[in-house]
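Asks: can you look at this prediction? I've put the sequence above it.
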Amino acid sequence: MTTLTSLCVIIGLLASALCAQPAASSEALLQHAITLQQAGDLDGAIRAYREYLAAEPDSVQARSNLGAALARAGHYDEAIAEYDRALRKSPDNPALLLNVGLAYYKTGRLAEAAARFEQAVSLAPQFKEQVTLLLASCYNNLARYKEAVTLLASLEESKAGDPAFDYLYGTALIGDGQAAGGAAVIHRILSRGDSAEARLLRGTLELSAHNRDGALVDLEKAVALNPRLPGAHARLGELLLTDGEPERARSVFTQELALDPAEFTSNLNMGVLAKQDQDYAEARRYFDLALRTRPNDPGVRYQLANVDLATGKPEQARQALEALIAESPDFAEAHATLGTVYYRLNRGADGDRERAISQKLMDQRDLPLTGAKPR
Amino acid sequence: MRRWWAAVALCVAGHALWVAARGAETETRRPHFTDIAPKSNFAYRTDNNFTGRKYFPQTMCGGVAAFDFDNDGRMDLFFTNGAKLPELEKTDARFYNCLLRNRGDGTFEDVTARAGLLGKDLGFSFGVAAGDYDNDGYEDLFICNAGRNTLYHNNGDGTFTDVTEGSGITKPKDVLSVAAAWFDYDNDGKLDLIVSNYTVWTPQIDKICAVNGQEYYCHPKVYPSVAHRLYHNLGNGRFEDVTDSSGFGQELGKGMGIAIADFNGDGYMDVFVANDTVRNFLFINQKNGTFKESGYEWGVAYDDSGNAHSSMGADAKDYDNDGWPDLFYNNLKGQIWGLYRNIGGKYMNYASGISHLSRLSVHSSGWSNGFVDYNNDGWKDLYSSNGEVDNMGQTSRQPDTMFENVDGKEFRDVSAQLGPDFNHAGFQRGSAFVDLNNDGFLDLVVTSLDEKPRILMNSADNGNHWLLVNTIGRRSNRDGIGATLKLTTVSGRTLYNHVTTSVGFMSSSDKRVHFGLGTEKAIQSLEIRWPSGIVQTLKKVKADQILTVTEPER
């Protein structure tokens, strides 16, 4: 948090330097706003910037600084709005892009954050070092592990041993299915002593290898060692949920969301649990939060379509499922539900078609199963 | 309240501890169950021949049928059993099937050998279905096996004859049949037969699955799905395999429990088949000898997230007393048992969440199951016999569960209050609902792997009233299977049920239709819609009786 805030302020000042100067008649007011901001009087600075901008609405510098002040005060959505207005005037301003990326990051809108970070680095490669870990964190949280691996691999020589780097790199490698590489990173972390990060990574690795007992031990230890470690509760909750412990899962997901209200896995699974309870309003709220973190996530969109169907909105479900299938044509469950939706809408032929597609896809998916897991 | 507990403790000294243990959370007096099996001398244990090597069918053993084979008015019991593996033969007495005659005094007599039902020549037996397929007034048996299936004709003299050969009931080579149900799909007055098949299996092609050297029962998906089979009763002991022409042959599944009901109210019986790890089937009767698999249309193929589960037992009854049969299947721990509410005979809504079944069921691995009004309050409760597939953890042995129906809207777990015998932890499999002592309260018979069955007598002590209806068809099949009953009490409360013996998993229940009436002692009317189409209405029926109703001529 402290690092991010500092980075935000520094980049805010950078943005100020890069922006065009306002009209001389308002110079004193702008200077006053900057002084207040530097003195930590954020409310005063925000008021002063807004007063200044009422007279000088096109000032990129003032709007950028206002965004920074709002972000520092925790008003991220307002900050994003101000940054975006500034970016309309100065679309290739890398500092502004970094600032808005940070604001998106703080609000859990990681896809948008990643896009801004990527754009900023492409315009100003000197920012790469500053944002690499943030960008890698975005990629990991968006399940874009391969991109995270690519990003971090080039830094391994210089950054190996840095706890934050190792954790992100390990997460990326395990997520990308590179078990051996992930294990090596875990070993590196553990060589410095037991840690919540190492336990979380090892638990994740064990989960992917169907070693559920080992995963449970490590994930519970991770949470015990550092109850504030991002993602640890979420991973433990996933395990508990699939082990038939929904109430414990619900509890740990809630703890994760107390740390990070935008955490994707927890929002998705809390939505699923609410849907199981047929508390559809609550389910929709969680799914919407999950979608905010991962816009267009097919799994979440599918769940929302199921909520539509369950709440008597087959037409809405149809539209959502058709759009989903257009983007994810191999989503067997989506075809199955769309089949049911068509039948409900008295479109028998379409239902028959979707049913056949879903069966074919499920049969294909079952083919490689070798029984390599106990029931 | 405290005085009442004290009275119970004094009166029923043997239950004093249990009454004390259930504490203050109960407000309603509930019957409990007591196992009377130890009072009888019989050798049967459910023996799946587990000796270390894990053969796929060992997980499914111990079907139960409750039926009155000798027409003495008392329900008798039949159990199926396993076989020596890999020989797939009932090589000695421990694998024999078992028929227990109800003596009427709380004990049972093993009459298997006399009845000719040992099944020495059968393979590994699974499900059993009781029904009078030849309308001679005596209940016959069909047994599902790995190996040939078997039709036993009840000779009416306490003996049975294997009449499979020449009956036309055949199946493709090595198909493993799990459960069966008798029903009259074309309303011609003769019971037809549906058999749920699981896969193609022999000991020689059994697969071995292991992790770190520890063998476990393979996931079902390593075995192929197969078609369930429908046999049309031609009369004179002959059946025609109409699997392909009826539409059943087009759908491949891994069949477990079968539920029979007229889901859309068109007067023709439909078929739900619970499938293990693949989508469930709902075959809607097209009234022309064919069925349309309509699981998607009805919303019961998957759960409400498009997931297929390990569906096990199945039952179809009206749990909310709205006149439409609903659906209940169970599955394994970590999944959610399926409860579906029938919406006006058009489709079903997933109701596991809103009824609290999702939270109640997630820790149990269920096998046989059913809607059962165990406390005669007029609301059908949810029973499940439980136990994990494999014995790989401390919680593998599980107790059964009873989820009590609260006003047709939700369920609550009352299992712990039903007595220690009910709460026996094991690898429970088959179960039947039956009134063994004709007291109007349903008893439970439950098998468990490597154990004697439990014969759980309902204490029948909450004062609620009841009606048992024994239907005898004339134009319809003699059992009256498929007849739908609407009961209206004097207060105007309406209750619904229908005649079927197919309940749960591998099992066959009391064919008499049970109604719990709560505190009401009188019935305004009882309407019976026979499969023939004849509608019969009885007025001013007394409660607390076993009422035999014969189908009128018209």
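Replies: Here it is on my side, so go on. Bear in mind the structure is a predicted one, so any value in this text is a computation, not a measurement. Numbers count the residues shown, from 1 in each chain, chains lettered A, B, ... in the order given.
Asks: the domain parsing of chain A - what is it?
Replies: A:1-142, A:143-226, A:296-375 (automatic domain parsing).
Asks: for chain B, which of these is the nearest?
Replies: Closest to chain B of those is domain A:296-375 (Cβ to the nearest Cβ; 3.2 Å). C-beta here means a position set from N, CA and C on the backbone, and glycine is covered the same way.
Asks: is B:Gly131 in contact with B:Ile194, as I believe?
Replies: No: counting by Cβ atoms under 8 Å, B:Gly131 sits too far from B:Ile194 to count as a contact (11.2 Å).
Asks: ok so, going back, make JSON lines out of the domains of chain A and add distance to chain B and mean neighbour count.
Replies: Formatted as JSON lines, the domains of chain A follow (distance: least, Cβ to the nearest Cβ, whole Å; neighbours: other Cβ atoms under 10 Å in any protein chain shown):
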{"stretch": "domain A:1-142", "distance to chain B": "22", "mean neighbour count": "20"}
{"stretch": "domain A:143-226", "distance to chain B": "8", "mean neighbour count": "19"}
{"stretch": "domain A:296-375", "distance to chain B": "3", "mean neighbour count": "18"}
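Asks: remind me which residues of chain B are low pLDDT?
Replies: B:1-28 (pLDDT under 70).
Asks: give me the phi and psi for A:Glu256.
Replies: phi -60, psi -40 (degrees, to the nearest 10).
Asks: got it, and B:Arg101?
Replies: phi -90, psi 130.
Asks: wait, it sits on B:Phe108?
Replies: Yes: using Cβ under 8 Å, B:Arg101 is in contact with B:Phe108, at 6.4 Å.
Asks: name the residues contacting each of the two.
Replies: B:Asp76 (Cβ atoms under 8 Å, 6 or more residues apart in numbering or on different chains).
Asks: compare these two (neighbour count), which wins?
Replies: B:Phe108 (24 against 21; other Cβ atoms under 10 Å in any protein chain shown).
Asks: report the contact partners of that one.
Replies: With Cβ under 8 Å, 6+ apart, B:Phe108 has these contacts: B:Ala37, B:Ser40, B:Phe42, B:Asp76, B:Leu77, B:Leu100, B:Arg101, B:Asn102, B:Ile455.
Asks: how is the last one assigned, secondary-structure-wise?
Replies: At B:Ile455, secondary structure determined by DSSP: H, G, I helix; E, B strand; the rest coil is strand.
Asks: list the beta-bridge partners for it.
Replies: B:Val445 (DSSP bridges).
Asks: let me see the contact set for it.
Replies: B:Asp35, B:Ile36, B:Ala37, B:Ser40, B:Leu77, B:Phe108, B:Leu436, B:Asp443, B:Val445.
Asks: so the residue nearest the centre of chain B versus A:Arg250, what's the distance?
Replies: Among the residues of chain B, B:Val503 comes closest to the average C-alpha position under Cα atoms, centre = their mean, at 2.3 Å. Separation of B:Val503 from A:Arg250 (Cβ to Cβ, to the nearest Å): 34 Å.
Asks: and if you look at B:Glu410?
Replies: On the measure of Cβ to Cβ, B:Glu410 and A:Arg250 end up 19 Å apart.
Asks: neighbour-wise, which of those two wins?
Replies: Set B:Glu410 next to A:Arg250 and count neighbours by other Cβ under 10 Å: A:Arg250 wins out with 19 against 15.
Asks: in what helix or strand does that one lie?
Replies: helix A:246-259 (DSSP states H and E).
Asks: ok, now A:Asn306?
Replies: If you go by DSSP H and E, A:Asn306 is part of helix A:298-310.
Asks: so which elements touch that helix?
Replies: helix A:264-276, helix A:280-293, helix A:314-327, helix A:332-344 (3 or more Cβ pairs under 8 Å, 6 or more residues apart in numbering or on different chains; DSSP states H and E).
Asks: burial measure for residue 283, as a count.
Replies: As the question left the chain open, I've gone with chain A. The burial count for A:Ala283: 25, using other Cβ under 10 Å.
Asks: ah, no, chain B please
Replies: Number of residues near B:Phe283 (other Cβ under 10 Å) recorded here: 25.
Asks: excluding covalently adjacent residues, which one is nearest to it?
Replies: In this structure, B:Phe283 finds its nearest non-sequential neighbour in B:Phe291, 3.9 Å apart by Cβ to Cβ, 6 or more residues apart in numbering or on different chains.
Asks: contacting residues for that neighbour?
Replies: Each residue near B:Phe291 by Cβ under 8 Å, 6+ apart is listed here: B:Tyr185, B:Leu230, B:Ser246, B:Gly247, B:Phe248, B:Asp270, B:Val271, B:Phe283, B:Ile284, B:Asn285.
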